[in-house]
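Colleague: next comes the sequence, and after it the predicted model I'd like to discuss.
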Amino acid sequence: MRSRIPLRFLGLFVCLGALVLSLPAATFDKENVQVHQLANGLKVLLVEDHGIPNIALYTFFRVGSRNERPGLTGVSHFIEHMMFNGTADFGPGEFDRRMEFLGGSNNAYTGDDLTAYTDWFPAAALDTMLRMESDRMQGLIFEPKVFESERGVIASERRLSVENNNDAILYENVRATAIMAHPYHWDVIGWMSDILGWRRDEVIAYYHTYYSPNNAVLIMVGDFDPAPALSLIRKYYEPVKASPAPPPIVTVEPPQIGPKSVLVRKEAQVPSFLVAWHEPGAREADFLPLAVLTKPLLDGESSRLYRRLVREEQLAISVRGGNQETIDPFLFTISVKPRPGADLDRIEKVIEEELDKVKSEGITQRELEKALNITRTDFYQSLETIAGKANQLGSAEVILGDHTKLFTLMDSYSAVTLDSVREVARKIFQENNKTTGRLVPEGGAR
C-alpha cells in the first residue's frame, strides 16, 4: 500500500476564506525506495512522489576522470557531450528536440568519480524518455564530423575555463603537484594535448567499457505507478547487453613525505593563493569531522579565516575551500583571492595560525552546533524537489557505495564530536602533508 504520510509540507497554499490548505510532500525514507536489479546488472531505484505530475529520471554511470589514463584524460567529459550527438535511431540534437517538444528539459555533469544524466519531464513522456535514454546507453555512433566538432568545443572550454582563468590554472598545478600517482592527478577537463590527440577508436572502446547497464544506476522519482514503470524499464533496458566489469582502480596515492610548493608566473592583475592537504575519501570515518570543520573555518563571513583575512587584516577579497566528496582520498583546499599588494607570506602565516588554534584548542560547542545546523539545512533543502532526491540517491549509491547511507547521513553527522574535529585537524594539517601554490603577475616577486 502506498504511504502518503508527509514528513514536511511544501510552501504551496490555497486560501478559501479562513481555510488554508497545504500540499503535503511524499514521504522520503529508505522504505519508500524500491530497489530492482535487471538481469543485465542495471540497478534501478524507484520513488513515488505524486506532489506534481512530473518525473525526474537520473542515470549515473560509475565513470569519471578517476577511470582515465594518460593519453585519454578528459574523455569522460567528452563522452558526456557526445551523449547528445546521435545514435542510429536518434540523430545529433534529436534527444533535446524531442524532449523539449514533450515539455521536458535535461542536463548532465561529469565528476572525478561519476557521470550523471538528468532528465525532468511530464509524466506522460515517460515511455519516450526511457526509450531515448536506453538507446544512448550503448548506441552512440560517434559520427566523425560531429566527433571533431565536439573536440573543438572541449578544447575551447579548456582554454576559457582553465588556461585563461588564473585561479583554475593555479588549482590545476597544485592538484597535479600534490597528487602524484592516483588518477585524481588530472582534472575532469583533461590535458590539452590529450584532448587534441583523442583517437575515435579509443574513445569508442572507453565508452563501451563504462557505458553498460552493469556499470550504471537508474533513479526515477516522481508521478508514476511503480509496476507499469518497471515494466517499461525492463522493456527498454533489458535488451541492452552487459559489458565485462571495468578494470578496478588499484593505485593508492603514497603518503606525502614533505611540504611542496608551486609558483606560477602568469599575466594577472592580482596574485592568487592556494594551499592543499591530502584528505580522506568520503567513505572514511575522518571525512565527516573534516566536513564539519569546514563550516567554522571557511563557510561565510562569520568563519575564522574570513574574519582574519578579509575583515581584520584586510589581506584578501575572499577566502573559500574545504573538502570534496570523492571515493578515494583527495584534497582539502583553502583558496584566497588577495587584495592588490597583499603580502602572500602573511596570508600563509594567518592560515597556519588559525589551523594551529584548531589543532590545539579545537572548535567551540557553539561552532559545532552551528556547523551541524547548516549541514542539516543544506541537506534537507537538497531533498525538496524530485530532482534533488534523485541526485542525492545516485550520488550516495556511487560515492558512498550504497544509497541507503543517505538516510543515516545526518545521524552520522550528529555523532561528530569536538574531540573528533580536533583530532582530524591534527592528522590532516601537517607540514609534510601540505602543498602551497602561488600565482604571481609575470615579473612579480614571490
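Modeller: In hand now; what should we look at? Numbering: from 1, shown residues only.

Colleague: low pLDDT regions in the stretch 151-300 of the chain?
Modeller: Within the stretch 151-300 of the chain, not a single segment meets pLDDT under 70.

Colleague: ranges for the helices of the stretch 51-200 of the chain?
Modeller: For the stretch 51-200 of the chain, the helices defined by DSSP state H, counting those that start in this stretch cover 75-82, 94-101, 126-138, 144-158, 166-178, 192-197, 200-210.

Colleague: now, of those helices, which is deepest in the fold?
Modeller: Most buried of the helices of the stretch 51-200 of the chain by mean neighbour count (mean count of other C-beta atoms under 10 Å) is helix 75-82; its value is a mean of 23. Every C-beta, even on glycine, is put in place using the N, C-alpha and C of the backbone.

Colleague: ok, which of the helices of the stretch 51-200 of the chain comes nearest residue 286?
Modeller: Closest approach to residue 286 among these is made by helix 166-178 (17.8 Å; C-beta to C-beta).

Colleague: give me the buried positions along stretch 431-445.
Modeller: 433-440 (16 or more other C-beta atoms under 10 Å).

Colleague: any idea which helix or strand carries the closest residue to residue 322 other than its chain neighbours?
Modeller: Excluding the flanking residues, the one nearest residue 322 by C-beta to C-beta, 6 or more residues apart in numbering is residue 294, at 3.7 Å. Assigned by DSSP states H and E, residue 294 falls within helix 287-298.

Colleague: residue 303 against residue 309, yeah?
Modeller: No - at 9.8 Å, residue 303 and residue 309 do not qualify as touching, with contact defined as C-beta atoms under 8 Å.

Colleague: tell me, what's touching the two both at once?
Modeller: residue 319 (C-beta atoms under 8 Å, 6 or more residues apart in numbering).

Colleague: neighbour-wise, which of the two wins?
Modeller: residue 309 (28 against 20; other C-beta atoms under 10 Å).

Colleague: and the pLDDT at the spatially most central residue of the chain?
Modeller: With distances taken as C-alpha atoms, centre = their mean, residue 111 lies nearest the centre of the chain, 5.5 Å away. For residue 111, the pLDDT comes out at 98.

Colleague: need the contact list for it.
Modeller: The neighbours of residue 111, taking C-beta under 8 Å, 6+ apart as the test, are 64-65, 188.

Colleague: what do you get for residue 120?
Modeller: Contacts of residue 120 (C-beta under 8 Å, 6+ apart): 54-57, 104-106, 386-387.

Colleague: distance check, it against residue 200.
Modeller: 32 Å (C-beta to C-beta, to the nearest Å).

Colleague: what of residue 165?
Modeller: Taken as C-beta to C-beta, the span from residue 165 to residue 200 is 29 Å.

Colleague: and residue 266, by the same measure?
Modeller: The spacing between residue 266 and residue 200, counted by C-beta to C-beta, is 34 Å.

Colleague: same question for residue 410.
Modeller: Using C-beta to C-beta, we find residue 410 at a distance of 46 Å from residue 200.

Colleague: over to residue 330?
Modeller: In terms of C-beta to C-beta, residue 330 sits 31 Å off from residue 200.

Colleague: now residue 328
Modeller: On the measure of C-beta to C-beta, residue 328 and residue 200 end up 30 Å apart.

Colleague: what strand or helix carries residue 274?
Modeller: strand 272-279.

Colleague: name the residues of the one helix or strand residue 411 maps to that are buried.
Modeller: Assigned by DSSP H and E, residue 411 belongs to helix 409-414. Applying a neighbour-count criterion of 16+ other C-beta under 10 Å, one finds 409, 413 buried in helix 409-414.

Colleague: and for stretch 255-274?
Modeller: Result for stretch 255-274 [16+ other C-beta under 10 Å]: buried residues 256, 260, 262, 264, 268, 270-274.

Colleague: what does stretch 242-250 give?
Modeller: Neighbour-count burial for stretch 242-250 flags residue 243 (criterion: 16+ other C-beta under 10 Å).

Colleague: which residues touch that stretch?
Modeller: With C-beta under 8 Å, 6+ apart, stretch 242-250 has contacts from 40-41, 62-63, 66-67, 182-183, 208-210, 212-215, 328.

Colleague: same thing but at 10 Å, please
Modeller: 38-42, 62-63, 66-67, 69, 113, 138, 182-184, 206, 208-215, 327-328 (C-beta atoms under 10 Å, 6 or more residues apart in numbering).

Colleague: so residue 216 touches residue 43, yeah?
Modeller: Yes - using C-beta atoms under 10 Å, residue 216 makes contact with residue 43 at a distance of 7.4 Å.

Colleague: and residue 120, how far is that from residue 391?
Modeller: From residue 120 over to residue 391 (counting by C-beta to C-beta), the distance is 11 Å.

Colleague: which residues do these two both contact?
Modeller: Residues touching both residue 120 and residue 391 (C-beta under 10 Å, 6+ apart): 56, 58, 385.

Colleague: which one of these is nearest to residue 151?
Modeller: Closest approach between those and residue 151, by C-beta to C-beta: residue 58, at 27.1 Å.

Colleague: show the model's pLDDT score for that closest one.
Modeller: The model's pLDDT for residue 58 equals 98.

Colleague: hey, what's it bridged with?
Modeller: Beta-bridge partners of residue 58, counted by DSSP bridges, are residue 118, residue 219.

Colleague: was I right to think it contacts residue 390?
Modeller: Yes - contact criterion C-beta under 10 Å: residue 58 and residue 390 qualify, at 4.1 Å.

Colleague: now do the shared contacts for these two.
Modeller: 45, 116, 118-120, 218-221.

Colleague: closest to residue 238 among those?
Modeller: Closest to residue 238, out of all of the shared contacts of residue 58 and residue 390 and judged by C-beta to C-beta, is residue 218, at 12.0 Å.

Colleague: surely residue 153 touches residue 81?
Modeller: Yes - here residue 153 reaches residue 81: they are 6.7 Å apart, a contact under C-beta under 10 Å.
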